[in-house]
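Q: any chance you can model this:
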Amino acid sequence: MTSLILIIGIIIITVIILGIIVIIVCLKMQKNREDRKRTSSFWIQGGRSVGVQDGNRRGILYDEYNNLTTTMVAGQADVEESLQLEPPRSRVRLILEEIDTDKRYQSEVIDYVIVGREAASDAVHSIRISDNQVSRQHCRFYLMGGYLYVLDLNSTNHTYLNGRMISEAMPVQTGDALSLGGLNFYITIE
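A: Numbers count the residues shown, from 1 in each chain. Next comes the predicted model:
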C-alpha cells in the first residue's frame, strides 16, 4: 500500500513539473512571436531604421543616431499614415493658412518655432497670432530626426491635429489640419 501511495505521489509531482515546463515553454514561444512581430515592423529610411510599430499600436521614431526620440499613441491607420512621412529635412518653411480668413502665417524652421500670441522672445523662432483663443505660447513646431513635429505647450484651449487633441509630440506633414483654440489652419511644409 505504501509503495502505491509513493508511486501516485511521484506521478502527481511529475505531472506538476511537466505542466510547469509546458507553461514556461509556451510563454517563451509567445514572447518570441511578439519579438519577431515587433522587429518585422521596423521601417527603414536612408539605410537606417527610423521607427517601429509595436503591438500596442504606438509609432516609435528614432533620430539619425538611432536614439529614441518620440512615441505616438495612435490607432492602426494613424501609425500607417505616420510611416508615409515626407523625406527628412534639416530645415523647412512652415506655412499655417487660416481656413476661415485665408490669413497666412509662415516661418522657417531650423530648430523650432513657437506659435502663440506672444510666442518666443525672438522673431526668428515665432509665429505670432493675435487672437484671445490662442495662448501666449500655444504650441511648438520643431525638427527632430529630419521630420517636423508639433507639441502643445499646455495651452488653455489645447492643440488639435487632424481633429485629435495632442498630448505629446506628433509628426506633421503638408495637408494636415491644425486647430489652436477656435482657429483652424492647414499646414504646408516647403
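
Q: which residues of this protein score low on pLDDT?
A: Where the chain drops to pLDDT under 70, the residues are 33-89, 119-124.

Q: quick one, domains of it?
A: 38-84, 92-189 (automatic domain parsing).

Q: Ile21: what secondary structure?
A: helix (DSSP: H, G, I helix; E, B strand; the rest coil).

Q: cool, the one 5 residues further on as well?
A: When classified by three-state DSSP, Cys26 comes out as helix.

Q: now the helices for the protein?
A: Along the chain, the segments classed as helices by DSSP state H run 2-40, 76-82.

Q: who's in contact with the closest residue to Ser155 other than its chain neighbours?
A: For Ser155, ignoring the flanking residues on the chain, the nearest one in space by C-beta to C-beta, 6 or more residues apart in numbering is Ser135 at 3.9 Å. The C-beta positions use only the backbone N, C-alpha and C, and glycine is treated the same way. Shown in contact with Ser135 (C-beta atoms under 8 Å, 6 or more residues apart in numbering): Gly116, Arg117, Leu153, Ser155, Thr156, Asn157, Gly181.

Q: just give me the closest of those residues to Ser126.
A: Looking at the contacts of Ser135 and their distance to Ser126, the nearest is Gly116, at 7.9 Å (C-beta to C-beta).

Q: I figured the closest one was touching Ile129, is that so?
A: Yes: between Gly116 and Ile129 there is a contact under C-beta atoms under 8 Å: 6.9 Å.

Q: overlap in contacts, those two.
A: His138.

Q: what about Ile20, how many neighbours?
A: 10 (other C-beta atoms under 10 Å).

Q: swap that for Ala169, sorry
A: Residues lying near Ala169 (other C-beta under 10 Å) number 18.
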